[in-house]
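Chemist: Here's my sequence, what's the structure:
(2 chains)
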Amino acid sequence: MEKLVDSRGSACPGPITDLSKAYRNSQVGDIIVLWATDQGVKADAQAWAKRTGNEILEMKEEPDKIVIKIRINKR
Amino acid sequence: MEKVLIVGGGAGGLILANSLDLDQYDVTVVDKEAEHYYQPWYLYVAFKGSKRKISRPISKLLKPGIRFVRDTIKEIDLDNKKAYGSYEVIYPYDHIIVATGTSPDPNVIPGLSQIYNQVGDFHSNLQNSRKLWNSVKNFKGGNIVFGMASPVCKCPPSPIEGVLLLEEYLNKKGLRSKTKITYFTPYPRAYPAEPMNRIVEPMLKERGIEVMPFFDLDMVDTENRKIKSIEGDELNYDLPIIIPPCKGTKIKFRQDVKDEDGFIKADKYTMRIKGYDDAYAVGDVNNLPTSKTGVTAHLEAKVVANLIQGIYDKFTGRINCPFDMGYGKATFVIADYENPVVEYPPSRTKHFMKMSMARIYWLTLKGYMDPVFDFYFEFTNPRKLNEKYNKTNPPKASSQPQ
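Modeler: Numbering: from 1, shown residues only, chains lettered A, B, ... in the order given. From the prediction side, this is the model:
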């Protein structure tokens, strides 16, 4: 199942908190698509994926947002 | 007169009710409780044993002319503009505002409800905060694990405030050398917003509080006195202080407007419930990409009051969370949708401001402090503060003047 997490505008607590929440509600095989505007999300999502054993499929910067696509491999 | 129905007598609901022109609108506030609590003070009940009176009857916090009904709204039909209370009471409305806040749900995490009932916590209510103070007072040394059980929680600074005040208390009691404090968090660092973390993390280090990042609580093993994370780590405890996960509203909606945790999907600028122009979700109960705090409920309520009265307005995502750092110092977490969190240095003056808020709070609810707040919010505009303080992390390009 693909799930969109729109965290644009979130500065505090920030997109990483929305990602953690989506992860808690997800299952192995799900795809999480995270939208954010906070630049720090790129490094955070990478560190998070590495630590939790999940996979970043794509990370791209669009004019109005950063889009990160993550596959849940471990839960 | 148009009927305005406000469900919830918390900060958002009361400020909104008191901001409407009562010659134009027939305003009803419904809450299942009779008392309103100043929730930020739970922290001082739990870690300082404060006995300050922190509640007032909701009916006394409303301007004359506003109706208060003590009832539990069970269901809302947004298409037919009706809310259903207990005993088959039906509340028809022209405008509805759902401002029911969040509620703790310790049952989501195996083993947590036992901790919640035995040790207490400082987010749920006054009774549980007093219980936590008893647990803290009777603690004689050992391992303390401290953190939150879920990513979505009220007031992002409060877990860190709690651990810093606890450290101060143990230090004063002479128990600090006999105690190991571990702060766990599901995030990559102690404070999720990076600029504030640059202040928080050195402070935790200086006070000897260990940080365990990427620890997303999965279960509490009360038999072996351990907590375990989704990531597979374990921590032993003698005293576990864990903020329970919180959920949105239990009210049933005939329309699909809630997310999987019960938070209401609303527009981030107008707080209008998605798909409706006469229904709003204000404060902790909505799913806006901002902090769940009293100040956001306050500012959202002011915007909604204007929108109902036909005045153009929009919520900027402004947060202004007072952050007690122990030993008489505090700071504020300040940001909005366009500007990142300010690396705002702690000071004694800011601590004095946080303490003063507990006194002026009751006047704030009635709108008597509005001129002071208007001045304060302009004085601490996130863009201006970012230019002054965020030397290492300037505001992102899109938020700078073109």
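Chemist: can you list the domains in chain B?
Modeler: Domain ranges of chain B: B:2-102+B:248-308, B:106-245, B:319-394, per automatic domain parsing.
Chemist: out of these, nearest to A:G29?
Modeler: domain B:106-245 (16.4 Å; CB to CB). Just so you know, the C-beta spots here come from the backbone N, C-alpha and C atoms, and that holds for glycine as well.
Chemist: now check that closest one, is it near chain A?
Modeler: Yes - contact between domain B:106-245 and chain A, assessed by CB under 8 Å from any CB of the partner chain, occurs at B:150-152, B:156, B:186-188, B:192-194, B:196, B:214, B:216, B:230-231.
Chemist: Can you give me the end-to-end span of that domain?
Modeler: 6 Å (CA to CA, to the nearest Å).
Chemist: what do you get for stretch B:236-253?
Modeler: End to end - CA to CA - stretch B:236-253 spans 42 Å.
Chemist: Flag every residue of chain A that's near chain B.
Modeler: Close to chain B, as judged by CB under 8 Å from any CB, chain A has residues A:6-14, A:16-18, A:20-21, A:23-25, A:37-40, A:44, A:47-48, A:51-52, A:64, A:75.
Chemist: where's the closest residue to B:S158 other than its chain neighbours, which helix or strand?
Modeler: Once flanking residues are discounted, B:S158 sits nearest to B:L43: 6.5 Å by CB to CB, 6 or more residues apart in numbering or on different chains. Assigned by DSSP states H and E, B:L43 belongs to helix B:42-48.
Chemist: Let me know the next secondary structure element after that helix.
Modeler: Assigned by DSSP H and E, the successor of helix B:42-48 is strand B:55-57.
Chemist: For that next one, the averaged confidence score.
Modeler: For strand B:55-57, the mean per-residue pLDDT is 97.
Chemist: Tell me the strands beside that strand, with direction?
Modeler: Next to strand B:55-57 in the sheet, as set by DSSP bridges, lie strand B:35-37 (antiparallel).
Chemist: quick one: contacts of the partner strand?
Modeler: Identification of contacts with strand B:35-37 by CB atoms under 8 Å, 6 or more residues apart in numbering or on different chains yields B:9-10, B:14, B:54-58, B:61, B:125-126, B:365.
Chemist: Okay, and the beta partners of B:P240?
Modeler: Applying DSSP bridges, one finds that B:P240 bridges with B:V145.
Chemist: Tell me how many other residues crowd it.
Modeler: 26 (other CB atoms under 10 Å in any protein chain shown).
Chemist: So for residue 49, what's the pLDDT?
Modeler: Picked chain A for this. 93.
Chemist: was after chain B, sorry
Modeler: 98.
Chemist: Quickly check: stretch B:368-377 near chain A or not.
Modeler: No - using CB under 8 Å from any CB, stretch B:368-377 never reaches chain A; the gap is at least 16.0 Å.
Chemist: Quick check: the gap between A:E61 and B:Y91.
Modeler: Per CB to CB, to the nearest Å, A:E61 is found 48 Å from B:Y91.
Chemist: residues in contact with the residue nearest to B:S158?
Modeler: Contacts for B:L43 (CB under 8 Å, 6+ apart) come out as B:122, B:129, B:158, B:161-162, B:165, B:324.
Chemist: Can you lay out the domains of chain B as a markdown table showing distance to A:I32?
Modeler: Formatted as a markdown table, these follow (distance: least, CB to CB, whole Å):
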| stretch | distance to A:I32 |
| --- | --- |
| domain B:2-102+B:248-308 | 13 |
| domain B:106-245 | 13 |
| domain B:319-394 | 22 |
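Chemist: Out of the ones you listed, which gets nearest to A:I56?
Modeler: Per CB to CB, nearest to A:I56 of the domains of chain B: domain B:106-245, 14.3 Å.
Chemist: All the helices of chain B, residue numbers only.
Modeler: B:11-19, B:42-48, B:112-118, B:126-137, B:158-173, B:194-206, B:294-308, B:348-365, B:370-379, B:382-389 (DSSP state H).
Chemist: Would you tell me which of the ones you listed gets closest to B:T222?
Modeler: helix B:112-118 (5.1 Å).
Chemist: average pLDDT across the closest one?
Modeler: 97.
Chemist: who's in contact with it?
Modeler: So helix B:112-118 is contacted by B:104, B:106-107, B:124, B:128, B:135, B:149, B:217, B:219-220, B:222, B:240, B:242, B:244 (CB under 8 Å, 6+ apart).
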